[in-house]
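# After the sequence you'll find the predicted model.
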Amino acid sequence: MDATLAFPLLAGLIAIALFFDFLNGLHDAANSIATIVSTRVLRPQYAVVWAAFFNFIAFLFFGLHVAETLGTGIIDPNIVTPLIIFAALMGAIVWNIVTWIFGIPSSSSHALVGGLVGAGLAKVGFSSIVWSGLLKTAGAIVMSPLIGFMLALFLVLIVSWIFVRQTPFAVDRTFRVLQFVSASLYSLGHGGNDAQKTMGIIAVLLYSQGYLGGSFHVPLWVVLSCQTAMALGTLFGGWRIVHTMGSKITRLNPMQGFCAETGGALTLFGATWLGIPVSTTHTITGAIIGVGAARRVSAVRWGLAGNIVVAWVITLPAAALISALFYCVAGLFN
């Protein structure tokens, strides 16, 4: 396809990608602020501003390994066309909207991966898939909440031992301050991992149309655009999902909120440096369940947690199916 002729279409697809990034911030705002809101350390309107700021500046602290994985490590970049990108984005956007309406904390990340896989399968079949990258991402569906769970549980035990001689009032006062730090770290991890996924989509689109020359890379304007779109989405918040994440799974105090956010942040930092596109939703949910289970097993509403797990499992295939349908229907008019 001639790059010059494709420019209006290219601009439209980039706009759709940034809209997905905005929805990602809106949908996943709960991940960044649910604990600090539920513990009443910050009011929701201030918490979203706090989270949005750290979401935006995340690109200053991390490389672009996740963007490279999404751009070249899920489906073969040589088969990418504007139609594939359109179908992938629509699959992820439709699934995000459906889960947002019902207040289900599903994964925007895996919806996007599912969208890519569905469009690739619809075009050329299984030969389109880069199995090493897809399997690494699929493995993270299981590992990221488990790691978040274990780290948060471990942190609760350590903190409880350190502060065993302190009064509950003193502990609460200390962790109301420390939760500002943990919420900042988690928002950095969220912005560092999630915004890079849309960067990868836009970069592989530019690469497929010849705008990046001979090598795949992520231009600075793409980085800044994606971070801005995600930060704006976070500002609008996702209050339905905040309620689910912050209070329905288990009740949290400031100490537990600190441990959940710190455990989740450490998991996201590690995954981002390794270039693994994990789900921030999975990660923080696992961490919240971990701190609830540390108090007592019955403190966790396991039925709701089970429903969330089901949403995780069906996200990738559901988004893939929607994406494949969009690819086939749009192909009729191409």
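Looks like it arrived, so ask away. Everything quoted here is computed from the prediction, not taken from an experiment.

# Who are the packing partners of the helix or strand hosting residue 322?
Element membership for residue 322, per DSSP states H and E: helix 302-331. When contacts are defined as 3 or more Cβ pairs under 8 Å, 6 or more residues apart in numbering; DSSP states H and E, helix 302-331 sits against helix 82-101, helix 108-124, helix 131-162, helix 280-295. Yep, even glycine has a C-beta here, placed from its N, CA and C like the rest.

# now the shortest one and helix 108-124, what's the angle there?
It stands for helix 280-295. 140 degrees (axes from the mean of the first three to the mean of the last three Cα atoms, to 10 degrees).

# you'd agree residue 322 is up against residue 91?
Yes. Assessed by Cβ atoms under 8 Å, residue 322 is found in contact with residue 91 at 4.1 Å.

# Have a look at these two and say which one is more surrounded.
residue 91 (28 against 23; other Cβ atoms under 10 Å).

# can you pull the pLDDT of the more buried one?
pLDDT for residue 91: 93.

# Look up how far residue 286 lies from it.
25 Å (Cβ to Cβ, to the nearest Å).

# gap between stretch 128-137 and the chain center?
18 Å (Cα atoms, centre = their mean, to the nearest Å).

# Make residue 1 into 776 and carry on from there
Fine by me, first position is 776 from now on; the one you just mentioned is stretch 903-912.

# If you count residues, where's the longest helix of the chain?
helix 943-983 (DSSP state H).

# Please list the outside residues in contact with the next helix-or-strand element following it.
Going down the chain from helix 943-983, the next helix or strand is helix 995-1011, by DSSP H and E. By Cβ atoms under 8 Å, 6 or more residues apart in numbering, the surrounding residues in contact with helix 995-1011 are 789, 793-794, 796-804, 807, 823-824, 826-828, 830-834, 839, 966, 969-971, 973-974, 977-978, 981.

# Report the inter-axis angle for helix 995-1011 versus helix 883-899.
Going by the same axes, to 10 degrees, helix 995-1011 makes 130 degrees with helix 883-899.

# Residue ranges in the chain under the pLDDT threshold?
776-781, 802-807, 809, 878, 880, 1012-1026, 1070-1085, 1109 (pLDDT under 70).

# Identify the contacts common to residue 1097 and residue 866.
Joint contacts of residue 1097 and residue 866 (Cβ under 8 Å, 6+ apart) are 890, 893.

# In TSV, list the helices and strands packed on helix 1077-1106 along with distance to residue 955.
What follows is those, written out as TSV (distance: least, Cβ to Cβ, whole Å):
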stretch	distance to residue 955
helix 857-876	27
helix 883-899	25
helix 906-937	16
helix 1055-1070	17
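
# out of the ones you listed, nearest to residue 1108?
Residue 1108 lies closest to helix 857-876 among those, at 9.9 Å (Cβ to Cβ).

# Just the C-alpha atoms of the closest one, please, in CSV.
C-alpha atoms of helix 857-876 as CSV (Å, rounded to 0.1, in the frame of the first residue of the first chain):
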residue,chain,number,x,y,z
PRO,A,857,-4.5,-1.2,8.5
LEU,A,858,-7.4,-3.6,8.5
ILE,A,859,-5.8,-5.9,11.0
ILE,A,860,-5.0,-3.0,13.3
PHE,A,861,-8.6,-1.7,13.0
ALA,A,862,-10.1,-5.1,13.8
ALA,A,863,-7.7,-5.6,16.7
LEU,A,864,-8.6,-2.3,18.2
MET,A,865,-12.3,-2.7,17.8
GLY,A,866,-12.2,-6.1,19.4
ALA,A,867,-10.5,-4.7,22.4
ILE,A,868,-12.6,-1.5,22.6
VAL,A,869,-15.9,-3.4,22.3
TRP,A,870,-14.9,-5.9,25.1
ASN,A,871,-13.6,-3.0,27.3
ILE,A,872,-17.0,-1.2,27.0
VAL,A,873,-19.0,-4.3,27.7
THR,A,874,-17.0,-5.1,30.9
TRP,A,875,-17.0,-1.5,32.0
ILE,A,876,-20.8,-1.3,31.7
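
# No more questions from me, cheers.
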